[in-house]
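> below is the sequence, then the predicted model.
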Amino acid sequence: MRLTESERAENREALSKMGLSAKLGYVFEYYRFPLVLALIAAVALGSVLYYRLTRKEALLFVGFANIAVGDDLDRALNEGFARAIGENPNKKEVSLYRGLYLSRDATQQNHEYAYASQLKVLAAMANRQLDVVLMNREAYDILSAGGYLLPLDDLIKQDEGLYRRASDRLTENTVILEDNDIEHRLDEAVPYSAVTESVANGLLISAFPLFEGAEFSGDVYLGAIGNSARSDAVLRYIDYLTTALPLNSALTQLQAMS
């Protein structure tokens, strides 16, 4: 019900005579819902503005599959690349997928984790938000067999210096062109058969100076995802990884540039 002018005047006079605590109580009692809505709107607006001001543009999307990367190497793989190509790491970054686990023989304890990682990788590839994977041999075999990796010899031949530097570290692996895996799984009496080819789709990246002292448990390979939307950045990233200084020297250089 709308108040008359005299009633509104009486309310204003009564409010003017109240103490501070009484005024606050009055305002809260009669205006709490609009105030709550205004507060929610202010928080939402602040969150959007903060996200837009602090969000970094992704130079590249890189995943770590079945390997653990320490903070120092993590920084070199992200900030080091941004600075090496003349970008501001406060505004642009290498977006990293950490802790991916790919396995065909995951134990029951790790099966859910492996399944979740597989879904994450497939979703990232479908959204074209995965460009490069650093991985152990098991993960490399899985991604290669699935046909997800780009042949690297043709890619690195675009840079003559890179090809001379990295061609002897290219690694061939099996790509399954077609198979009867579904029939074999449904009936184990049906022998498994597949048509395959060997493709140079991996690079033994742990052989290069940046990775010295990383203490990986085995060889680490680089693979480029076949549907990457950033092939130029992939090529520049491989060039960076194969020319970067050993990790300690690279960190000293980063600290001097910071």
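Cool, got the structure.

> going by C-alpha atoms from here, please, whenever you check contacts or count neighbours.
Will do.

> in the stretch 151-258 of the chain, where is pLDDT below threshold?
The stretch 151-258 of the chain contains no residues with pLDDT under 70.

> for it, which segments count as helices?
For the stretch 151-258 of the chain, the helices defined by DSSP state H, counting those that start in this stretch occupy 152-156, 160-166, 181-186, 231-243, 247-257.

> could I get those helices as a markdown table with mean neighbour count and distance to V133?
A markdown table is the format used below for these (neighbours: other C-alpha atoms under 10 Å; distance: least, C-alpha to C-alpha, whole Å):
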| stretch | mean neighbour count | distance to V133 |
| --- | --- | --- |
| helix 152-156 | 18 | 13 |
| helix 160-166 | 15 | 17 |
| helix 181-186 | 12 | 25 |
| helix 231-243 | 18 | 11 |
| helix 247-257 | 13 | 19 |
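
> dump the ones you listed into TSV; add distance to R83 as well.
Below are the helices of the stretch 151-258 of the chain laid out as TSV (distance: least, C-alpha to C-alpha, whole Å):
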stretch	distance to R83
helix 152-156	22
helix 160-166	19
helix 181-186	46
helix 231-243	10
helix 247-257	8
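
> out of the ones you listed, which comes closest to A145?
Distance to A145, taken as C-alpha to C-alpha, is lowest for helix 181-186 among these, at 12.3 Å.

> so for E215, which of the helices of the stretch 151-258 of the chain sits nearest?
helix 247-257 (11.9 Å).

> contacts for that closest one?
By C-alpha atoms under 8 Å, 6 or more residues apart in numbering, the surrounding residues in contact with helix 247-257 are 72-73, 76, 80, 209-213, 244.

> try stretch 215-229
Residues contacting stretch 215-229 (C-alpha under 8 Å, 6+ apart): 67-68, 125, 128-137, 140, 148-150, 152, 201-206, 234.

> chain center to that stretch, what's the gap?
14 Å (C-alpha atoms, centre = their mean, to the nearest Å).

> just stretch 231-247 next, same as before
17 Å.

> from here on, call the first residue 525.
Okay, using 525 as the starting number, the last item reads as stretch 755-771.

> convert that stretch to PDB, retaining C-alpha atoms only.
Taking C-alpha atoms only, stretch 755-771 is exported to PDB below (Å, rounded to 0.1, in the frame of the first residue of the first chain):
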ATOM      1  CA  SER A 755      50.800 -25.000 -35.100                       C
ATOM      2  CA  ASP A 756      53.100 -21.900 -35.400                       C
ATOM      3  CA  ALA A 757      53.200 -21.700 -31.600                       C
ATOM      4  CA  VAL A 758      53.900 -25.400 -31.300                       C
ATOM      5  CA  LEU A 759      56.800 -25.000 -33.600                       C
ATOM      6  CA  ARG A 760      58.200 -22.100 -31.600                       C
ATOM      7  CA  TYR A 761      57.700 -24.100 -28.400                       C
ATOM      8  CA  ILE A 762      59.700 -27.000 -29.700                       C
ATOM      9  CA  ASP A 763      62.400 -24.600 -30.800                       C
ATOM     10  CA  TYR A 764      62.500 -23.100 -27.300                       C
ATOM     11  CA  LEU A 765      62.700 -26.400 -25.500                       C
ATOM     12  CA  THR A 766      65.500 -27.600 -27.700                       C
ATOM     13  CA  THR A 767      67.600 -24.400 -27.400                       C
ATOM     14  CA  ALA A 768      66.900 -23.400 -23.800                       C
ATOM     15  CA  LEU A 769      69.800 -23.300 -21.300                       C
ATOM     16  CA  PRO A 770      70.100 -26.000 -18.600                       C
ATOM     17  CA  LEU A 771      67.500 -25.500 -15.900                       C
END
